[in-house]
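[1] the following comprises the amino acid sequence and a computationally predicted model.
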Amino acid sequence: MKAVVLGAAGGIGQPLSLLLKANPAVTELALYDIVNSPGVAVDLSHIATPSKVEGFLPPDDGLKKALTGANVVVIPAGIPRKPGVSSRDDLFKINAGIVRDLATGIATTAPKAFVLVISNPVNSTVPIVAEVFKKHGVFDPKRIFGVTTLDVVRASTFVSEILGDRSLSPSVSVPVVGGHSGVTIVPLLSQSSHPLPASLDASALDGLINRIQFGGDEVVKAKDGAGSATLSMAYAGAEFAGKVIRAVKGEKGIVAPTFVNLASDKTGGDALKKELGKDLEYFSAPVELGVDGVAKIHGLGKISPAEKALVEAALPELSANIEKGIAFVEVPK
Ligand code: NAI
């Protein structure tokens with residue numbers, strides 16, 4: 001099981017690489033970045049876990065060498081939010097090109113790899129990866145994932161806080177659907193594994209929803225110019241990568257929300273589009289993972305009228321973000 005991290009020397013990349021090094025299912029770890037990746041690799045290589053670790057830089061075909069034989073590729077490369085670059089969409093200008101070029105490397109060197117996209121704006125970068133793969137004739141909608149796990153992790157944490165018991169947080173499960181930015185993040189709190197207290201009033205519920213949607217802003221503000229979530233994102237990215245790895249190795253019944261292409265009717269994409277009442281190409285929904293990647297995209301299930309309104313409110317922005325990603329590969333700007 002060869003895992004590759006593209007952007008491995010960054011704020012997310014380093015702790016994510018550490019967590020992948022600690023995952024015994026990973027037998028080989030390749031770290032690629034435009035700076036510092038060999039140092040990070042040597043540092044991690046002293047950890048007594050099975051995987052061999054190597055670091056690569058752009059010269060001498062470093063990207064190709066890193067990607068050769070890859071099973072899972074995680075992409076946290078690109079700039080994060082900071083003052084002056086305040087929305088995830090602002091990141092598009094720089095990250096779109098970075099992700100397009102890395103996707104080209106994957107499409108030509110490891111077209112069968114499972115690709116996990118962390119770089120923001122995820123609502124646009126995932127379509128960019130898919131369009132690059134289409135151009136190279138290697139697109140498989142089951143193998144490309146936008147990592148929305150941090151929204152799920154935040155929902156578990158914040159719900160456990162409302163329940164007054166942080167020790168519950170690892171077992172609290174809330175599906176988060178839609179996309180990965182502001183109002184496109186829709187937590188389905190009515191489906192929480194741990195129901196919210198009946199005493200929670202409407203404004204407290206709105207506050208909780210808002211905190212899950214804009215939790216990233218708390219981190220950007222607290223870091224005060226030093227970037228956005230890195231450690232919680234690394235944790236979330238490693239959680240999701242770990243689930244993909246377990247599923248690929250044959251474990252059944254693993255379900256996780258993730259932003260995926262709805263092209264494949266066989267995996268439930270069409271049914272979800274019908275449920276949404278819109279011909280969207282991508283959506284984040286609970287997805288059952290299997291040996292080939294996406295095994296089944298679940299529908300929204302029973303949701304409250306208020307949640308239905310949140311989904312409706314998410315669709316225009318989501319659709320615009322998706323179109324922007326697709327157009328970038330068709331006609332680069
Ligand atoms: P960072 O700036 O600390 O690290 C980014 C790394 O990417 C740097 O080491 C940089 O050298 C590298 N890089 C830049 N261009 C590259 C290229 N062409 N090839 C390979 N590596 C390249 O940023 P941080 O905080 O690690 O964030 C990375 C991305 O993750 C940002 O786009 C951020 O918005 C996103 N993010 C996504 C989240 C999610 O939930 N999906 C949550 C938090 C951040």
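    Noted; the coordinates are in hand. Please read these numbers as outputs of a predicted model, since none were measured by experiment.

[2] who in this protein is up against the ligand?
    Within the chain, the positions lying close to the ligand (Cβ under 6 Å from any ligand atom) are 6-7, 9-13, 32-35, 76-81, 91, 95, 98, 102, 118-120, 122, 147, 150, 180, 227-230, 233. From N, CA and C alone the C-beta is placed, and that goes for glycine too.

[3] so which of those residues sit within strands?
    Among the residues of the chain next to the ligand, the residues falling in strands (DSSP state E) are Leu6, Tyr32.

[4] out of the residues of the chain next to the ligand, which are buried?
    Buried by 16 or more other Cβ atoms under 10 Å: 6-7, 9-13, 32-33, 76-81, 91, 95, 98, 102, 118-120, 122, 147, 150, 180, 227-230, 233, out of the residues of the chain next to the ligand.

[5] so Leu16 lies in a helix, does it not?
    Yes: the assignment for Leu16 (DSSP: H, G, I helix; E, B strand; the rest coil) places it in a helix.

[6] quick check: closest non-adjacent residue to it.
    Ala234 (4.1 Å; Cβ to Cβ, 6 or more residues apart in numbering).

[7] which residues touch the one you found?
    Residues counted as contacts of Ala234 (Cβ atoms under 8 Å, 6 or more residues apart in numbering) are Ile12, Gln14, Pro15, Leu16, Leu18, Leu19.

[8] tell me which residue of the stretch 201-333 of the chain lies closest to the ligand.
    Met233 (4.0 Å; Cβ to the nearest ligand atom).

[9] typo on my end, it should be the chain
    At 2.0 Å from the ligand, Gly10 is the closest residue in the chain, using Cβ to the nearest ligand atom.

[10] backbone dihedrals for that residue, both of them.
    Gly10 adopts backbone torsions of phi -90, psi -170, taken as degrees, to the nearest 10.

[11] now do the buried residues in stretch 52-71.
    Of all the residues in stretch 52-71, those buried under the rule 16+ other Cβ under 10 Å are Val53, Glu54, Gly55, Phe56, Leu57, Gly62, Leu63, Ala66, Leu67, Ala70, Asn71.

[12] where exactly do the strands run in the chain?
    Along the chain, counting by DSSP E, strands occupy 2-6, 28-32, 52-56, 72-75, 114-117, 144-146, 176-178, 185-187, 254-261, 282-290, 293-297.

[13] mind listing what the first one pairs with, with the direction of each?
    Each strand that strand 2-6 pairs with, and the sense of that pairing, follows from DSSP bridges: strand 28-32 (parallel), strand 72-75 (parallel).
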